[in-house]
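Chemist: my questions concern the predicted model and sequence given below.
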Amino acid sequence: ALTRSLVRRAVRLRGRAVRLLPPRGAPHFARQNREIKGYPDGYRIADLGTWPRPGLRGCPVHSGGTGPATAP
C-alpha cells in the first residue's frame, strides 16, 4: 500500500511538471523510441508467436522454449 501510494504521488507530480513544459516543436512518433522493436527486414507469419517444446506443458516462453529464430 505504501509503495502504491508513493508511485501514485510521483506520477501525479510528474504530470504536473510536464504540464508546465512548453509544447513540442515537432511531433514525436512511437516508432522513434529505441524501446519499440520492429521488423526492419520484414517477417514471415510462420515465424511469429511462441513455440512450445514437445512433451512440456505451460508457457513456452518461461519454460526455456526455443522458436525457429533461436533454434540451433
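Modeler: Done, it's in.

Chemist: pLDDT wise, what is Pro72 at?
Modeler: We have a pLDDT of 42 for Pro72.

Chemist: over to Pro27?
Modeler: 91.

Chemist: same deal with Pro52?
Modeler: So, for Pro52, pLDDT stands at 67.

Chemist: repeat that for Pro40.
Modeler: Per-residue pLDDT puts Pro40 at 77.

Chemist: now the one 3 residues further on
Modeler: Per-residue pLDDT puts Tyr43 at 83.

Chemist: just say helix, strand or coil for it.
Modeler: At Tyr43 the chain is in coil, as set by DSSP: H, G, I helix; E, B strand; the rest coil.

Chemist: how about the one 3 residues further on?
Modeler: Each residue gets one of three states, and Ala46 gets helix by three-state DSSP.

Chemist: ok, how many other residues are close to it?
Modeler: Using other CB atoms under 10 Å, Ala46 has 7 other residues around it. All C-beta atoms are positioned from the backbone trio N, CA, C, and that covers glycine.

Chemist: same question, Asp47
Modeler: Asp47: 11 neighbours (other CB under 10 Å).

Chemist: what about it, distance to Asp41?
Modeler: Using CB to CB, to the nearest Å, we find Asp47 at a distance of 11 Å from Asp41.

Chemist: cool, and Gln32?
Modeler: Applying CB to CB, the value for Gln32 to Asp41 is 19 Å.
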